[in-house]
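Q: coordinates only, no sequence provided:
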């Protein structure tokens, strides 16, 4: 896609999304390119949406075939929730504000930070 798109149910423009209903990752190419051309913006749509897809896939798998062991996830959730609290309270963080939206978005934002 070359332009933002709108889902009728939501009514706002998207640059990308991971859609479990259609089993597709949708991306606006100009925004994808920008995420790779600007190396220190900590915003990469491609990394964001593929991280979301990995999280959704992990949630849908049966318990014994998950990508991440449950014990590791619990430790990650504790650390993530702490950092989300830091972000929400306006304290300095290497993660952008969007990471405090929920655990899935925090994972995606942390992947962006890792690769940048």
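A: Thanks, I have it. Nothing here was measured: the structure is a model prediction, and the numbers come from that model.
Q: show me which residues of the helix or strand bottoming out on mean pLDDT in the chain are buried.
A: Among the helical and strand segments of the chain, the one scoring lowest on mean pLDDT, DSSP states H and E is helix 45-60, with a mean of 85. By 16 or more other C-beta atoms under 10 Å, the buried positions in helix 45-60 come out as 45, 46, 47, 48, 49, 50, 51, 52, 53, 54, 55. C-beta coordinates here come from the backbone N, C-alpha and C atoms, glycine included.
Q: do a quick rundown of the helices in this structure.
A: 29-37, 45-60, 70-88, 103-115 (DSSP state H).
Q: mind checking which of those helices is nearest residue 95?
A: helix 103-115 (5.2 Å; C-beta to C-beta).
Q: tell me what the closest one is packed against?
A: Helices and strands touching helix 103-115, as assessed by 3 or more C-beta pairs under 8 Å, 6 or more residues apart in numbering; DSSP states H and E, comprise helix 45-60, helix 70-88.
Q: could you check how far that helix is from the centre of its chain?
A: Taking C-alpha atoms, centre = their mean, to the nearest Å, one finds the center of helix 103-115 at 6 Å from the center of the full chain.
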